[in-house]
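Colleague: Sequence plus the predicted model coming up.
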Amino acid sequence: MTSLSIAFGTAVAGVLVNLGGGSMLDSARYVLFGLALLCASGALTAHAVNRTDPALTAHPESRSASSPESRSASSL
């Protein structure tokens, strides 16, 4: 999975650098803000999934502990 994400990030960065043309400053800005937008969209998607179905992200220990005492003890 790591090699896929590295390949995708490299491809996106290559496109953004080419959009900058001859200016190194413009290329750096495009890469910075392009990857920041990509990360922000991923964070927003993850947040939306977490809000709609919290069971997808719950830890197995927290699902089995139903009493308030066991929850407070496991959080220490």
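Modeller: That came in fine, so what should we check first?

Colleague: Which elements pack onto the longest helix seen in the chain?
Modeller: The helix that spans the most residues within the chain, counting by DSSP state H, is helix 24-52. Counting contacts by 3 or more C-beta pairs under 8 Å, 6 or more residues apart in numbering; DSSP states H and E, helix 24-52 packs against helix 2-19. Using the backbone N, CA and C atoms, a C-beta is placed for each residue, glycine as well.

Colleague: Run the angle between the helix it packs on and helix 24-52 for me.
Modeller: Using axes from the mean of the first three to the mean of the last three C-alpha atoms, to 10 degrees, one finds that helix 2-19 and helix 24-52 are set 140 degrees apart in direction.

Colleague: buried ones in helix 2-19?
Modeller: Ala13, Leu16, Val17 (16 or more other C-beta atoms under 10 Å).

Colleague: Tell me the buried residues in the longest helix of the chain?
Modeller: Neighbour-count burial for helix 24-52 [16+ other C-beta under 10 Å]: Ser27, Tyr30, Val31, Gly34.

Colleague: ok, the last one to Ala7 distance?
Modeller: To tie it back to what came earlier, the one meant is Gly34. According to C-beta to C-beta, to the nearest Å, Gly34 and Ala7 sit 16 Å apart.

Colleague: which secondary element of this structure has the worst mean pLDDT?
Modeller: Of all helical and strand segments in the chain, the minimum by mean pLDDT, DSSP states H and E falls on helix 68-74, at a mean of 53.
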